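[1] sequence plus the predicted model coming up.
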Amino acid sequence: MRRIAPLTLFLSFVLGGAVAAENWPQWRGANGQGISTETQLPTEWAPDKNIAWKTELPHGYSSPIVWNDRIFLTTAIEGEVIPGVVPESVRIKQPHPESVSGDKTHTLKVLGIETKTGKVVWEQTAYEGPVFDARHRRSTFAGPTAITDGKMIFAYFGPEGLYAYDFSGKPAWKVVEKFHTLGLGTGTSPVLHENLVIIQRDQDEKTSVVAAYDKVTGKEVWKTPRPVDISWSTPVLVKSGTRTELITNASQHVIAYDASTGKELWRTKGVESNAIHAPLVGKDMVIVTAGYPAKRTIAIRTGDVPDDKRIIWEYTKGTGYVLSNILYEDYVYLSTDNGIITCLDAATGKIVYEGGRPPKPTHFMGSAVAYSGMIAMTSEDGDTFMLKAGPKHEIVRTNSVDEPVYSSAALANGRVYIRGEKHLFAIGK
């Protein structure tokens, strides 16, 4: 299966030979899969080893994106309680018991950071004031990761809006559409297709949509209703024949749309669970997963195939709640919230191994990334366990930034970037 041309700029330089460097323009990298083909990324670090710089940051769980000499990310700064403010989920009598902060003022910002020094070269306040709905106590109003095409940055804050900036930080446009989140916040990140910024916005079966906006003007190009409940998954793009399919993960249905028009192309059974994980792509298939309340992994054929031939294989163990899984080379690596790994043969779904454990008890929210034959899994404790890719579970090294981490790493131009609770770390030369 041919993928769409990734938003990746390849630079050649000499470092014991020609080395391909890659940008990391969106959630989970150029293809949204968490994989880098760079060969000079660091595999060892510690608080006093191989850290190029660290920069203090405001709160947020969004991951950094990188394009050449710039890093972009979002933050959410919580203020005081605003008397009389009622979150939308409370107003419509659908609050969640874990909801917080819907009655406070918030400042939502987009930052531009220099890769060489870690200096914040610009920051823009996208929104300041009361929020439309609350968030989960373990979430943040800066959850979605921004995306760039190398010219513009697009930052998404759910009901508080989608914002476009140029590389100097100058605002270009914004689109604000209010919608409830059941008091749990927004998790889906935007994707880009040709001239479109696409958002999967799932609320409930009556109001869920997937929508596309012109990336130059912000004008709505298409919007398609979706018969699904709330989700937090980021869609992926898959080239199938002459068309590009936008694959969306949800509880009731996995649905593919024509990325250019929003027309539904096909649908199949959903994950029957909270859809948070991003779909995986490879081996001429897409693999959707979920981990709570039910554990689901479903391998699906894309393109024009009969409905009864759509599903290739299924597996019903091994997945976690928030963190997305990873398909690297020949294997799918599923992880529980505690980092217990199940390895499946991607083509068949056959169990290769299960029960692979990290070297110490821990918990994960950030999703794994893969490079240089290893899977890098960063825990909430700030430890990154380097799992050797292949049919045997082997943790070859444990690295640390000695700070809690709730985001996913970015791999770009010879460095690993990790957003901690208080700092952004640049790892490498």
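    Received it, and whenever you're ready, just let me know what you need. Numbers count the residues shown, from 1 in each chain.
[2] report the mean per-residue pLDDT for stretch 292-312.
    Averaging pLDDT along stretch 292-312 gives 96.
[3] tell me the pLDDT at Gly241?
    87.
[4] can you tell me, leaving aside adjacent residues, what's nearest to it?
    Gly303 (6.2 Å; C-beta to C-beta, 6 or more residues apart in numbering). Heads up, the C-betas are built off the backbone N, CA and C, glycines and all.
[5] residue contacts, the one you found?
    For Gly303, the contacting residues are 240-241, 245, by C-beta atoms under 8 Å, 6 or more residues apart in numbering.
[6] between those, which is nearest Lys178?
    Glu245 (29.3 Å; C-beta to C-beta).
[7] thinking again about what came up before, buried among the contacts of Gly303? Make that a ChimeraX selection.
    Typed into ChimeraX, the line below selects the buried ones among the contacts of Gly303, using 16 or more other C-beta atoms under 10 Å:
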select :240,245
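[8] can you put the contacts of Gly303 in JSON lines and add distance to Ser379?
    Formatted as JSON lines, those follow (distance: C-beta to C-beta, whole Å):
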{"residue": "Ser240", "distance to Ser379": "36"}
{"residue": "Gly241", "distance to Ser379": "41"}
{"residue": "Glu245", "distance to Ser379": "34"}
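[9] quick one: which of the contacts of Gly303 is nearest Ile65?
    Glu245 (23.4 Å).
[10] next, give phi and psi for that closest one.
    The phi/psi pair for Glu245 (degrees, to the nearest 10) reads phi -90, psi 130.
[11] now Asp307
    Backbone geometry at Asp307, expressed as degrees, to the nearest 10, gives phi -60, psi -40.
[12] gap between it and Ser335?
    31 Å (C-beta to C-beta, to the nearest Å).
[13] looking at these two, which is more packed in?
    Neighbour tally, Asp307 and Ser335, criterion other C-beta atoms under 10 Å: the higher count belongs to Ser335, 26 against 9.
[14] bridging across strands, which residues link to that one?
    Ile341 (DSSP bridges).
[15] same deal with Val254?
    Thr268.
[16] likewise for Asp258?
    Beta-bridge partners of Asp258, as defined by DSSP bridges: Glu245.
[17] surely it meets Ile247?
    No. Counting by C-beta atoms under 8 Å, Asp258 stays clear of Ile247, with 11.6 Å between them.
[18] those two: which is more packed in?
    A count of neighbours by other C-beta under 10 Å puts Ile247 above the other of Asp258 and Ile247, at 25 against 16.
[19] and that one, what does it touch?
    Neighbouring residues of Ile247 by C-beta under 8 Å, 6+ apart: 235-238, 254-256, 279, 281, 286, 288, 302.
[20] so what pLDDT did it get?
    Confidence score, pLDDT, at Ile247: 98.
[21] what do you get for the one 3 residues further on?
    Per-residue confidence (pLDDT) for Ala250: 98.
[22] let's verify it: helix, strand, or coil?
    Following DSSP: H, G, I helix; E, B strand; the rest coil, we place Ala250 in the coil state.
[23] ignoring the adjacent residues along the chain, who's closest to it?
    For Ala250, the spatially nearest residue (C-beta to C-beta, 6+ apart) is Val228, at 3.8 Å.
[24] my guess is the one you found meets Gln203, correct?
    No. Taking contacts as C-beta under 8 Å, Val228 lies outside contact range of Gln203: 9.2 Å.
[25] when those two are compared, which one has more neighbours?
    Val228 (24 against 18).
[26] residues contacting that one?
    Contact analysis of Val228 by C-beta under 8 Å, 6+ apart lists 202, 205, 208, 250-253, 255, 270, 275.
[27] so it: helix, strand or coil?
    Here Val228 takes the coil state, with states given by three-state DSSP.
[28] begin at 53 from now on, thanks
    OK, 53 is where the count begins now, so the last one is Val280.
[29] distance of it relative to Arg253?
    11 Å.
[30] any shared contact partners between these two?
    By C-beta under 8 Å, 6+ apart, Val280 and Arg253 have these common neighbours: Ser260.
[31] please name the nearest non-neighbouring residue to Ala186.
    Per C-beta to C-beta, 6+ apart, closest to Ala186 is Gly154, 2.9 Å.
[32] gap between the one you found and Val262?
    25 Å.
[33] try Val280
    10 Å.
[34] and for Gln85?
    Taken as C-beta to C-beta, the span from Gln85 to Val262 is 20 Å.
[35] just give me the neighbour total for Pro223.
    Around Pro223 there are 13 other residues, counting by other C-beta under 10 Å.
[36] so how far is Thr197 from the closest residue to it other than its chain neighbours?
    Among residues not flanking Pro223 along the chain, Tyr217 sits closest, at 5.7 Å (C-beta to C-beta, 6+ apart). From Tyr217 across to Thr197, the span is 15 Å (C-beta to C-beta).
[37] with that, I have no additional questions.
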